[in-house]
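S.K.: Dropping the sequence and predicted coords here.
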Amino acid sequence: MAKIYFKKSFIAPKMKPKKEVISFLLDYSKALKVVKSERTTFEFIAN
């Protein structure tokens, strides 16, 4: 029964994102400001 769960049928490929994508995500996360109040949550992007 252990052999059923250890088949090598799925091997995830190594993912190498582009430098532009990493730069975009880092800049976005630096600009994002989340403010939580009692009832709502506000998200601001300061560009």
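M.R.: That came through fine.

S.K.: how about residue 21, secondary structure?
M.R.: helix (DSSP: H, G, I helix; E, B strand; the rest coil).

S.K.: neighbours around it, how many?
M.R.: Residues within reach of residue 21, counting by other CB atoms under 10 Å, total 9. The C-beta positions use only the backbone N, C-alpha and C, and glycine is treated the same way.

S.K.: Can you give me the distance of it to residue 28?
M.R.: Distance from residue 21 to residue 28, counting by CB to CB, to the nearest Å: 11 Å.

S.K.: what's the least confident helix or strand in the chain, going by average pLDDT?
M.R.: Averaged element by element with mean pLDDT, DSSP states H and E, the chain has its least confident helix or strand at helix 2-5 (a mean of 60).

S.K.: How far does stretch 40-47 sit from its chain's centre?
M.R.: With CA atoms, centre = their mean, to the nearest Å as the basis, stretch 40-47 stands 18 Å off its chain's centre.

S.K.: Stretch 13-30 too?
M.R.: That offset, for stretch 13-30, works out to 9 Å (CA atoms, centre = their mean).

S.K.: neighbouring contacts of that stretch?
M.R.: If you take CB atoms under 8 Å, 6 or more residues apart in numbering as the criterion, stretch 13-30 is touched by residue 45.

S.K.: How many residues are close by the nearest residue to residue 46 once chain neighbours are set aside?
M.R.: Distances taken as CB to CB, 6 or more residues apart in numbering place residue 31 nearest to residue 46, at 5.1 Å, with adjacent residues excluded. Using other CB under 10 Å, residue 31 has 11 other residues around it.

S.K.: Wait, residue 31 touches residue 47, no?
M.R.: Yes - using CB atoms under 8 Å, residue 31 is in contact with residue 47, at 5.8 Å.

S.K.: Which helix or which strand is home to the spatially most central residue of the chain?
M.R.: What sits nearest the mean C-alpha location of the chain, by CA atoms, centre = their mean, is residue 25, with 8.7 Å. Using DSSP states H and E, residue 25 sits in helix 19-31.
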